[in-house]
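Trainee: build me a model:
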Amino acid sequence: MLKTGFFKGAIAASLLTISPFAATTAQAEDTINCVFPFWFGFAPVMVADKLGYFAEDDLTVTWAFDNDRANVLPALETGAIDCTMRTIGESMARPRTAETTGTIIGTIDISVGADGVVAGPGIETVADLVGKPFAGEINHPGTVMTQFALNEMGKSIKDLDIRLINTDDSIAVFEDDSIAAVATWEPMLSQIVKNTSRTGSNVLLSSADFEGLIYDIYIVSTDYYTANPEKYASFLRGIYRAIDVYMADPDQFIELSASEFGVPDAEMKEALAGVRYTTYEETLEYMPADGSGKLREVFDSFNEINAALDLQDAPLDYAPYIDGSLLPGLFDGKTR
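Mentor: Sure thing, here's the model as predicted:
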């Protein structure tokens, strides 16, 4: 079941005003309601739906777009939705606390060029940004990469003149000659590079240079997940089967999903070149049920990064926030 085509203004109102009804819907044993940012990396949800993978498990999945964490995370907390998708670093930042609901049950993709920082003329290194206007969301992957690079110089993001923006506005913001650099992601990243009037601009930082840092993950309502884990196992099976489609035939995958984002196939294909989807087998490796693995390393890193950026009040505990217990045997007796 498809539910798409409306963005953060509309959904912000709807999530918060219909939450009593939505909470009842979200608890249905055969339905998962997802809200996530407008990002091509989340297309496996749409592909799984179109190919009938969810229906094979008697599951209905609805979705809508909303880029604003301030809308989505409270909706997850109140039970208005079952599921969202973010980067792991974003998911750990305020308003998240140790008491906040939400459990990570799987990985989706790793950014290998889809996130970055575009700098204006004359900005050739991260050192050139010190003291200059830097536009971005404070928990944006591009901002995180900038913090990483500054840290190696003995500096921090606080040494820049931070201008907080919504990433949706990054194209327009970058046209302001006073802005030294902007943190953004695809498709805006490619659009800025191709279309900016600021000759001499360049991609200063790319997630291709920080592979293994920017993971997108699935976050589900802890209460609903605890009450009915099999529903979320059905969801993950559909997702990882859709990722298998991308691995085998990316053109078919894009043909099935580009229209849901309202973009040409070619634009989506270009953006997805900066993404590496994580297969079921890779996800098992990244987040094994014993709490070890690569995702644990990234989680521990973001406890430190978010503290440096003043995005967390205190370190979070890996368990029960991240739970890989559904993954072993996920396809036992099921179609792959």
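Trainee: going by C-alpha atoms from here, please, whenever you check contacts or count neighbours.
Mentor: Noted.
Trainee: ramachandran angles for residue 212?
Mentor: Note on residue 212: its backbone torsions stand at phi 100, psi 0 [degrees, to the nearest 10].
Trainee: how much space between it and residue 301?
Mentor: Separation of residue 212 from residue 301 (CA to CA, to the nearest Å): 11 Å.
Trainee: do the same with residue 314
Mentor: Residue 314 is 13 Å from residue 301, where distance means CA to CA.
Trainee: so where is the chain shaky, pLDDT-wise?
Mentor: Along the chain, segments meeting pLDDT under 70 span 1-27.
Trainee: centroid-nearest residue for it?
Mentor: residue 86 (2.8 Å; CA atoms, centre = their mean).
Trainee: quick one, domains of the protein?
Mentor: Structural domains annotated on the chain: 8-110+213-321, 115-210, as defined by automatic domain parsing.
Trainee: now do the SS call for the residue lying closest to residue 280 once chain neighbours are set aside.
Mentor: Counting by CA to CA, 6 or more residues apart in numbering, residue 280 lies nearest to residue 240, which is 5.6 Å off, once chain neighbours are set aside. Under DSSP: H, G, I helix; E, B strand; the rest coil, the three-state class of residue 240 is helix.
Trainee: okay, the domains of the chain in TSV with distance to residue 335 next?
Mentor: Formatted as TSV, the domains of the chain follow (distance: least, CA to CA, whole Å):
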stretch	distance to residue 335
domain 8-110+213-321	9
domain 115-210	33
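Trainee: out of the ones you listed, flag the one nearest residue 332.
Mentor: Distance to residue 332, taken as CA to CA, is lowest for domain 8-110+213-321 among the domains of the chain, at 10.5 Å.
Trainee: hey, where'd the helices end up in the stretch 101-250 of the chain?
Mentor: 141-151, 170-174, 188-195, 222-227, 229-248, 250-261 (DSSP state H, counting those that start in this stretch).
Trainee: neighbours around the closest residue to residue 191 other than its chain neighbours, how many?
Mentor: Nearest residue to residue 191, sequence neighbours excluded (CA to CA, 6+ apart): residue 171, at 7.5 Å. Other residues near residue 171 number 19, with proximity taken as other CA atoms under 10 Å.
Trainee: residues contacting residue 171?
Mentor: Taking CA atoms under 8 Å, 6 or more residues apart in numbering, we find residue 171 in contact with 188, 191, 192.
Trainee: distance check, the first one against residue 109.
Mentor: I take that to be residue 188. 19 Å.
Trainee: as a markdown table, the helices of the stretch 101-250 of the chain with distance to residue 205 would be great.
Mentor: Output for the helices of the stretch 101-250 of the chain, formatted as a markdown table (distance: least, CA to CA, whole Å):
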| stretch | distance to residue 205 |
| --- | --- |
| helix 141-151 | 7 |
| helix 170-174 | 15 |
| helix 188-195 | 11 |
| helix 222-227 | 35 |
| helix 229-248 | 27 |
| helix 250-261 | 26 |
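Trainee: what does stretch 135-151 contact?
Mentor: Residues contacting stretch 135-151 (CA under 8 Å, 6+ apart): 87, 89-90, 93, 115-117, 126-127, 156-157, 162-167, 170, 173, 179-185, 205-207, 210, 214, 305-306, 309, 311.
Trainee: go with 7 Å
Mentor: 90, 115-117, 126, 156-157, 162-167, 179, 181-184, 214 (CA atoms under 7 Å, 6 or more residues apart in numbering).
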